[in-house]
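[1] no FASTA, just this:
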């Protein structure tokens, strides 16, 4: 049975049980008193004549039952009132807070003053409100970020096209190349948004199969070989035999690997190192992508998997990222029932994911 339901059941049993026990106790004591005072004793002393003993005893029992019942009813009423008031007061506050949240005020919270089941319900409500407030803030940030990402290239395109149309600028290969670059930037942003939408729906379209991680990685490394050689990055891999196979959707796994490898190559300085490895974990199989370079601050680290999130230092817009790669990675891994994480210290950043075996 649920612990909260169990504790509430015990309280209800106590509220109803205490009056019953009170009645039994009062009647028990009354019977002892009446029996001692009205029945013959061995010495033959009878305070009441024998003919009236029965009627006196019955009358006294009736009076005692009435008094005991009234006392039990009063006690039960008081206990029920106190319990109901204790339960309904925070529930009334929660009802008001729920209405506020439904109206869009996600800052509304419930005051938690107890540690019982009602207090736990209030705590759960506050956690829910925190999550809703955070999601709403992320939604607003995402809309603002999308607008910003679209506005910059569109403004450039509009300005140059108007200048070309007004014959202020003469068409040249350099101008056309710049306009093409801005157009490709828009196309890449839209593609990333589409990938993110597909990642959100990946849970319903998984085609799992046994994959050899080292083989999939070599396929991705071949695509990034020119960039790796240009920046003279040293790449080290370590995939032990016991941690080289995983059950996953191949296309989505390759997309995850590509996103993380792209992240490593992009933010590793010239002459830096990238280390990719796998190992067995208590929750399944862990794959790590580590690169040397500027660390991510501890304040920013918990948010690097959020959409459009970039740190001011190593995840800037000038670096060319849209801030969607890691968000897509998280969605794809969570679609497989796994989880992602990151660590950054001592001039080394590691982003990892764990897939269940």
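    Received it, and whenever you're ready, just let me know what you need. Source: prediction; values computed, not measured.
[2] outline the domain layout of this protein.
    Taking automatic domain parsing as the domain assignment, the record places the domains of the chain at 3-128, 139-200, 206-355.
[3] could I get these as JSON lines with mean neighbour count?
    Every C-beta, even on glycine, is put in place using the N, C-alpha and C of the backbone. Converted to JSON lines, these look like this (neighbours: other Cβ atoms under 10 Å):
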{"stretch": "domain 3-128", "mean neighbour count": "13"}
{"stretch": "domain 139-200", "mean neighbour count": "13"}
{"stretch": "domain 206-355", "mean neighbour count": "17"}
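[4] weakest of those in terms of mean pLDDT?
    Within those, the stretch with the lowest mean pLDDT is domain 3-128, showing a mean of 69.
[5] between the two ends of stretch 266-277, how far is it?
    The first residue of stretch 266-277 is 19 Å away from its last residue (Cα to Cα, to the nearest Å).
[6] what's that stretch in contact with?
    If you take Cβ atoms under 8 Å, 6 or more residues apart in numbering as the criterion, stretch 266-277 is touched by 217, 228, 231-239, 261, 264-265, 287-294, 314-315, 319-321, 349.
[7] and what of stretch 96-108?
    For stretch 96-108, the external contacting residues (Cβ under 8 Å, 6+ apart) are 109-110, 125, 129, 132-133, 136.
[8] any chance you could map the helices in the stretch 1-150 of the chain?
    Ranges of helices within the stretch 1-150 of the chain are 3-38, 50-102, 117-165, based on DSSP state H, counting those that start in this stretch.
[9] I'd like to know how far residue 197 sits from residue 216.
    Taking Cβ to Cβ, to the nearest Å as the criterion, residue 197 is separated from residue 216 by 24 Å.
[10] kindly report the same for residue 85.
    63 Å.
[11] please name the nearest non-neighbouring residue to residue 192.
    The shortest distance from residue 192 to any residue other than its chain neighbours is 4.2 Å, reached at residue 324 (Cβ to Cβ, 6 or more residues apart in numbering).
[12] I'd say that neighbour and residue 307 touch.
    Yes. The pair residue 324 and residue 307 qualifies as a contact (Cβ atoms under 8 Å) at a distance of 6.2 Å.
[13] where do the contact lists of these two overlap?
    By the contact definition Cβ under 8 Å, 6+ apart, residue 324 and residue 307 are jointly contacted by residue 196.
[14] give me the most central residue, this protein.
    residue 131 (7.2 Å; Cα atoms, centre = their mean).
[15] next up, the contacts around that residue.
    Residue 131 is in contact with no residue at all, counting by Cβ under 8 Å, 6+ apart.
[16] begin at 14 from here
    Sounds good: first residue 14 from here, last item residue 144.
[17] what segments of the stretch 214-363 of the chain are helices?
    226-243, 263-280, 338-348.
[18] ok, and what's touching the last one?
    Applying Cβ under 8 Å, 6+ apart, the external contacts of helix 338-348 come out as 205, 208-209, 212-213, 215-216, 219, 265-266, 268-269, 272-273, 275-276, 317-322, 352-353, 364, 366-368.
[19] could you give the angle of that helix to helix 263-280?
    With axes from the mean of the first three to the mean of the last three Cα atoms, to 10 degrees applied, the angle from helix 338-348 to helix 263-280 works out at 150 degrees.
[20] helix 338-348: how far from the chain's middle?
    The gap between the average C-alpha position of helix 338-348 and the chain average comes to 15 Å, counting by Cα atoms, centre = their mean, to the nearest Å.
[21] what of the second one?
    Averaging C-alpha coordinates over helix 263-280 and over its chain gives two centres that are 25 Å apart (Cα atoms, centre = their mean).
[22] and the residue nearest to residue 107 when sequence neighbours are not counted, backbone torsions?
    Nearest non-adjacent residue to residue 107, counting by Cβ to Cβ, 6+ apart: residue 123, 5.1 Å away. Dihedral pair for residue 123: phi -100, psi 130, per degrees, to the nearest 10.
[23] doesn't residue 104 make contact with residue 123?
    No. Counting by Cβ under 8 Å, residue 123 stays clear of residue 104, with 9.5 Å between them.
[24] need the overlap of contacts for the two.
    Contacts common to residue 123 and residue 104, judged by Cβ under 8 Å, 6+ apart, are absent.
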